[in-house]
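> Test case, fold it:
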Amino acid sequence: MARDRDALVALDLPTSPTFVDLFAGGGGLSLGLLRAGWRGLFAVESEPNAFQTLKANLIDGKRGLSYEWPQWLPKEPQEIGQFISSYKRQLRKLRGKIDLLAGGPPCQGFSSAGRRRQSDPRNRLFKHYVEMARIIRPRFLVFENVPGIAVEFDKGIRRQWNPRRVGRPPKTYLARIIEELDSLGYDVVTLHERASDFGIPQTRSRILLLGFERQLAPDITEDRIRGLLAAERDRVLSARGLESDPVVGVKEALSDLETTGRCLVDSVDSPGFRQVVYGGPLTRYQRAMHDSMSDLEAPNSMRLVNHRPETRKRFVQILATCRRGVKLSTEDRERFGILKSSTTPLDPLKPSHTLTSLPDDLIHYSEPRILTVREYARLQSFPDWYEFRGKYTTGEDRRRYEVPRYTQVANAVPPLLAEIVGRVIRELSSQHSANVGSTAFHEQEGQLAV
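Below you'll find the model as predicted:
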């Protein structure tokens, strides 16, 4: 059949459903969807450090996973508004030919972990997501963000709406998003999920919006989606040799990356820093994350922080005297001269707190140091072969604009969760296609895309 490659308009029916990823960051959501068997057409990411990571892994292609990428789109960072304006003609040719629009706009303006600011321009980036949905009209939508999008802004202070309050109830950003998607003809199911319920060693709480064209609404309910989530979670974890109803602690995730008793060598990509000599996975979770790598093959981004002696001494005392798995008390922070209220020594037997872009929020469960980028990635369920590029950290004045490695990992959708959600939407897509005779889709029984 004739094929217009430059516009990605295939006249023959694809064997797998297709997606586009907006605000892709370092690629966690895309990675999960690709591993769930989706065809990634392209992704949009504006920040150069994050785009380096995206390109190294999913554009240039590693382990057989990559976007197909259109000829008309340069392989470079793209600001979302400018992207839509510059390529509207090409995007219109994709109308009705994309199965899923995925994305999660930057969440810092909403997050309770940072300075929640109504005026943060990133809060309005969701409008570009809605605009893309209007142009390309995908059958399904997935939108990920922090729970703060469901909370009202009130002069910079979080406030839940009280129905007894006089006047019209406020519109949260979540309500605005749903309202705009409704106007386009999409029904939305809102899920509030915790990463640790999906075999991920982190108590990360996120809101997922699953949208679908209105004619699908009679067949798609929240109960049905939750049933599929549970079934696909068990299936994906079992295929990786993991428990079907797991709670993974940080030691189970990170013990093969400890420095105690192991040799240290110069960091591969950072002169003046050291990293551990990798000795192979020790637990089922570690083997699952080490994936197709040989046992002694080392992941990247294992650089250790060069703490000052007084910092290490303070961490030793904190690990010896403070409760694990909870933020330091006011008394402990005063005792150690710590101003930050979020400092937490990790509990080896429990999942980590939610990762943030500030790596000194978390203290290693047994060593007087903060975590490495690779340890961050393990707590997010990135496979060890996934490489992070660009700066490791950035300064205070640039933190709002730059996305170094720690931030790339912290801001990502956990790939394991993304894969499970991707399989749920594939199942919905498959059943709908079978019912109405639209896009061809064939699930191979008992197989996982890897």
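
> Only C-alpha atoms from now on, for both contacts and neighbour counts.
OK.

> how many other residues sit next to Leu208?
Neighbourhood size, Leu208 [other Cα atoms under 10 Å]: 20.

> so for the strand or helix carrying it, what's the average pLDDT?
Assigned by DSSP states H and E, Leu208 belongs to strand 205-213. Per-residue pLDDT over strand 205-213 has a mean of 94.

> How far does that strand sit from its chain's centre?
Put simply, strand 205-213 sits 14 Å off its chain's centre (Cα atoms, centre = their mean, to the nearest Å).

> Then stretch 44-57?
14 Å.

> Please, where are all the helices along the stretch 351-450 of the chain?
373-379, 405-411, 415-436 (DSSP state H, counting those that start in this stretch).

> swap in the stretch 201-350 of the chain?
Under the criterion DSSP H, counting those that start in this stretch, helices of the stretch 201-350 of the chain are mapped to 222-239, 250-254, 284-290, 309-321, 330-336.

> contacts for the first one?
Going back to what we said before, that points to helix 222-239. 189, 198-199, 243-245, 420-421, 423-424, 448 (Cα atoms under 8 Å, 6 or more residues apart in numbering).

> at 7 Å what do you get?
Helix 222-239 is contacted by residues 189, 198, 243-244, 420-421, 423-424 when judged by Cα atoms under 7 Å, 6 or more residues apart in numbering.

> Using pLDDT, spot the least trustworthy of the residues you listed.
Among the contacts of helix 222-239, Ser244 carries the weakest pLDDT, at 78.

> on that earlier part again, neighbouring strands - and their directions - for the strand holding Leu208?
Strands that pair with strand 205-213, judged by DSSP bridges, come out as strand 140-145 (antiparallel), strand 186-194 (antiparallel).

> Now do the first one and helix 415-436, the angle between them.
Just to be clear, that refers to strand 140-145. Orientation check (axes from the mean of the first three to the mean of the last three Cα atoms, to 10 degrees): strand 140-145 against helix 415-436 gives 160 degrees.

> In PDB, could you pull the C-alpha coordinates for strand 140-145?
C-alpha atoms of strand 140-145 as PDB (Å, rounded to 0.1, in the frame of the first residue of the first chain):
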ATOM      1  CA  PHE A 140      -7.000   7.100  24.400                       C
ATOM      2  CA  LEU A 141      -5.300   9.500  26.700                       C
ATOM      3  CA  VAL A 142      -3.000   8.900  29.700                       C
ATOM      4  CA  PHE A 143      -2.000  11.900  31.900                       C
ATOM      5  CA  GLU A 144       0.100  11.600  35.000                       C
ATOM      6  CA  ASN A 145       0.800  14.200  37.700                       C
END
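
> Only the buried residues of stretch 70-86, if you could.
Buried residues in stretch 70-86, counted by 16 or more other Cα atoms under 10 Å: 73, 75, 77-78, 80, 83-84.

> Between the two ends of that stretch, what distance do you get?
Stretch 70-86 has an end-to-end distance of 14 Å (criterion: Cα to Cα, to the nearest Å).

> Just the mean pLDDT for that stretch, thanks.
97.

> Break the chain into its domains for me.
Here the domain assignment for the chain is 3-244+413-436, 307-371, based on automatic domain parsing.

> For Trp385, find the nearest of those.
With Cα to Cα, the closest approach to Trp385 among these belongs to domain 3-244+413-436: 8.5 Å.

> Of the helices of the stretch 201-350 of the chain, which stretch is the most buried?
Mean neighbour count (mean count of other Cα atoms under 10 Å) peaks for helix 250-254 among these, with a mean of 23.

> As PDB, could you dump the C-alpha coordinates of it?
What follows is helix 250-254, C-alpha atoms only, in PDB (Å, rounded to 0.1, in the frame of the first residue of the first chain):
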ATOM      1  CA  VAL A 250      15.100  -0.200  49.800                       C
ATOM      2  CA  LYS A 251      17.700  -2.700  50.900                       C
ATOM      3  CA  GLU A 252      16.200  -5.300  48.600                       C
ATOM      4  CA  ALA A 253      16.500  -2.800  45.800                       C
ATOM      5  CA  LEU A 254      19.900  -1.400  46.500                       C
END
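
> List of residues touching that helix?
Against helix 250-254 from outside (Cα under 7 Å, 6+ apart): 201, 283, 285-286, 348-352, 375, 378-379.

> same thing but at 6 Å, please
Here helix 250-254 makes contact (Cα atoms under 6 Å, 6 or more residues apart in numbering) with 286, 348, 351.

> do stretch 419-432 as well
With Cα under 6 Å, 6+ apart as the test, stretch 419-432 has contacts from 32-33, 36, 228, 232-233, 441.
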